[in-house]
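Chemist: Sequence below, structure please.
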Amino acid sequence: MKRQLHIAFLSLLCSLPFMANAQTEMKAKEGKYYSITDVPIPDSVVLEVGGLAFTPDDRLGVSTRHGEIWLITDPYQKKSKQPQYKRFAYGMHETLGLAWHNGSFYTTQRSELTKVTDTNNDGKADLFQTVASWPLSGNYHEYSYGPLFLPNGDMIVTLNLSWIGRGASLAKWRGWMMRIKPDGTMQPYAAGMRSPAGFGLSENGDIFFAENQGDWIGSGRITQIDYGDFAGHPAGLRWSGEYGSPIKLKPEQFPDSIGILHDFAKKTEHFKEPSVWFPHTLMGISTSEVLTINSDAFGPFKGQVLVGDQGHSKVMRAFLEKVKGKYQGACFPFLEGFSSGVLRMAWGSDHSLFVGMTSRGWASTGPALYGLQRVNFKGAMPFEIKAMRAQSNGFELEFTLPVNKKQAVDASLYSVTGFTYAYHKTYGSPIINQQPCAVVKSEVSEDGRRVRIYVEGLREGYIHELHVNGLQSQSGLALLHNVGYYTLNAIPAGVGPSCAVTTKSLAASGAGNKGACGTDPTKCVSVQPAGWAKPDITLQVGTKPGLKFDVTELEVTAGSRVKLVFNNNDDMLHNLVITAPGKGDAVGKLAMEMGLSGSQLAYVPGSKDVLYNTCLLQPETSQSIYFIAPKTPGNYPYVCTFPGHYAVMKGILKVKAK
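Modeler: Below you'll find the predicted structure:
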């Protein structure tokens, strides 16, 4: 295991604050109910997990980003502390999904769905059959995922868009979900995907897929998809006129800035609204696998959905319901502190959860480059908000344990805030149209497990943040997680009048991040001061893959006039914040705690330790800021304070004496 430990140690040196964040008080609290243990990986195996699938004899198949499939015998470590690894197949191209069906593995490579079989039973694949294939342009962002087997034996795969400073469909069917029959016949199933890294079946067999923030996608979300649906990103619609397409929408029907997704979806054929939004940075930053909890042996949430997050190395939970024929529901925190970026999940035969991870290309809060871990329910019942159901004039909250009734009838314990995101071609979106909703009354059921809260100002098409503050169970337990986010696509019949949206227009409220430049305009001066003939020095800083600045050390003279040019040539949002000596990590942590206001303030906290900052920049844009260098010589950290970035995306501004 020396090699693995060496890799982890090198990663740890770069990510000590992330390691500290992983060992949070919340992780310790969650650990009373769910254990997370490592499945040991041999030194010789680079297990950057792309897919997980169990065989009938309970061996765990793992596909990797290196194009391999590994078979793990005794992944439960019942017979030995060291499970047995055997390489089953290799030589494929970035296998980002895995399934077992009728004696063979099926995996999706960049350009094809492949059936992989061991015909002579020697434990190694000797037959590779192309089931279906699709073209590539060669763009790095053209990931392919799957397959997911449907009950009738058909398979589902999803195809990432290319990235050229925006999402683009450079090769046919990019941005689509495809259905593939056992004979290889491929049919376009649904469109509107950007980066659909994970998908799965609900308890009743409906398909849900996870989407990641990007252009046209304000935040991560999961969406229930039927044949002929459109999920929001228009780039793939360039192929809607092709034979077999069930969708007739065209890209030109989508102006650059549309407004509110819910309003546009109501009048647009084929448009399927997100079922549950996972608010960016508040819940996660890069949704991955979708997996239904299929047993009561994993705790009190059977039938609900687990959703992984690669960037924040966590697993979240979603409760789903149908209102007026539309899926909607609430997401909640579940487990954090995994060792790397969560990409794949699979159920073991003992109802434990296997979690496969990788962080290459996109840094994660977990410090390791890759990993495989196992989650077990310990048996003790956590006090949680089990479900959040929409009512005509509020919500019904169901708890896993009876509540303290005397506390629960106090309406002041519950706070609700409505907000949404802009629907536009810009990368991501700030939170817009944010407005508190008054909780005017609460009622407790006879058994103490349900609380009905009456809420004024509910709005269809909006996300509603719930905080429950100070409520205890009947036995005195505090809530393990006291926050949830309900996506209200439809309000049940009988609702009273909603409060008016009194916020400013989309443009004025920060749509497009144009106003997202921090809390103090004197720290973000983007026009050369009138008294300057010219700067004494001009500094250039860019970005590079893996959440890195391309320059990690700058030098200026104390008191000099500085022009700093920040070029965000990455494919995600970034800022640059210069802090007081030794305060980079502290400022980054404050940014993660900004809540609903964060995106509108560029994730720049109102702290005296923030000296200068840029705006929150879109991909492939730049900004110049002007400032007087500190008069005191020393090392001044600069970091990106977009939540989850600060611990690896950092550098030092060295201020030397005159």
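
Chemist: tell me the helices in the stretch 551-658 of the chain, going along the chain?
Modeler: 584-592 (DSSP state H, counting those that start in this stretch).

Chemist: do the same with the chain
Modeler: For the chain, applying DSSP state H gives helices covering 2-14, 16-22, 25-30, 261-266, 405-408, 584-592.

Chemist: looking at these, which one has the lowest mean pLDDT?
Modeler: Note on those: helix 2-14 shows the lowest mean pLDDT, a mean of 35.

Chemist: Residue ranges in this structure under the pLDDT threshold?
Modeler: The model of the chain has pLDDT under 70 over residues 1-23, 495-515.

Chemist: Find the centremost residue of it, please.
Modeler: Taking Cα atoms, centre = their mean, the centroid of the chain lies closest to Ser286, which sits 2.3 Å from it.

Chemist: wouldn't it be in contact with Gln310 here?
Modeler: Yes. The criterion here is Cβ atoms under 8 Å, and Ser286 meets it with Gln310 at 4.3 Å. Where C-beta positions appear, they are placed from N, C-alpha and C, glycine not excepted.

Chemist: thinking again about what came up before, distance check, the residue nearest to the centre of the chain against Leu372.
Modeler: Taking Cβ to Cβ, to the nearest Å as the measure, Ser286 falls 19 Å from Leu372.

Chemist: burial of the residue lying closest to Arg65 once chain neighbours are set aside, as a residue count?
Modeler: Spatial nearest neighbour of Arg65, excluding adjacent residues (Cβ to Cβ, 6 or more residues apart in numbering): Glu48 at 4.2 Å. Using other Cβ atoms under 10 Å, the number of residues around Glu48 comes to 24.

Chemist: Would you mind measuring from Glu48 to Gly484?
Modeler: For Glu48, the distance to Gly484 - Cβ to Cβ - is 33 Å.

Chemist: try Gly606
Modeler: 27 Å.

Chemist: ditto for Ser526
Modeler: Counting by Cβ to Cβ - Ser526 and Gly484 are separated by 38 Å.

Chemist: The two - which one has more neighbours?
Modeler: Counted by other Cβ under 10 Å, Ser526 and Gly484 do not tie: Gly484 has more neighbours, with 25 against 12.

Chemist: Now do the same contact list for the residue nearest to Arg65.
Modeler: By Cβ atoms under 8 Å, 6 or more residues apart in numbering, the contact list for Glu48 reads Thr64, Arg65, His66, Thr358, Arg360, Leu369, Tyr370.

Chemist: now do Phe332
Modeler: Going by Cβ under 8 Å, 6+ apart, the list of residues near Phe332 reads Met316, Arg317, Ala318, Phe319, Glu384, Ile385, His481, Val483, Gly484.

Chemist: try it again with 10 Å
Modeler: 283, 301, 304, 316-319, 384-388, 466, 480-485 (Cβ atoms under 10 Å, 6 or more residues apart in numbering).

Chemist: what does Lys425 give?
Modeler: Shown in contact with Lys425 (Cβ under 10 Å, 6+ apart): 166-167, 215-216, 233-235, 254-258, 512.

Chemist: Between those, identify the one with the most neighbours.
Modeler: Busiest of those [other Cβ under 10 Å] is Trp216, holding 28 neighbours.

Chemist: from memory it sits against Phe230, does it?
Modeler: No. Using Cβ atoms under 10 Å, Trp216 is not in contact with Phe230; the gap is 11.5 Å.

Chemist: Quick one: end-to-end length of stretch 142-158, please.
Modeler: Chord length of stretch 142-158, first to last residue, is 10 Å (Cα to Cα, to the nearest Å).

Chemist: Check which residues of it are buried.
Modeler: Buried residues in stretch 142-158, counted by 16 or more other Cβ atoms under 10 Å: 142-149, 154-158.

Chemist: In strands, which of the residues you listed appear?
Modeler: Ser144, Tyr145, Gly146, Pro147, Leu148, Phe149, Met155, Ile156, Val157, Thr158 (DSSP state E).

Chemist: Can you pull the residues that touch both of Ser286 and Gln310?
Modeler: Among the neighbours of Ser286, those also in contact with Gln310 (Cβ under 10 Å, 6+ apart) are Ala197, Asn212, Gly341, Val342, Leu343, Trp362, Ser364.

Chemist: surely the fourth one meets Phe354?
Modeler: Going back to what we said before, that points to Val342. No. Val342 lies out of contact with Phe354 (Cβ under 10 Å); the separation is 11.1 Å.

Chemist: More neighbours: which of these two?
Modeler: Using other Cβ under 10 Å as the criterion, Val342 and Phe354 rank with Val342 on top: 36 against 22.

Chemist: Roughly how far does the more buried one sit from Pro545?
Modeler: 20 Å.

Chemist: Is Tyr462 in contact with Thr487, as I believe?
Modeler: Yes. Using Cβ under 10 Å, Tyr462 makes contact with Thr487 at a distance of 8.2 Å.

Chemist: what's the overlap in contacts for these two?
Modeler: In contact with both Tyr462 and Thr487: His262, Trp277, Thr420, using Cβ under 10 Å, 6+ apart.

Chemist: Return the member of the residues you listed nearest to Arg110.
Modeler: Trp277 (29.4 Å; Cβ to Cβ).

Chemist: Backbone dihedrals for Thr632, both of them.
Modeler: Dihedral angles of Thr632 (phi, psi; degrees, to the nearest 10) stand at phi -90, psi 120.
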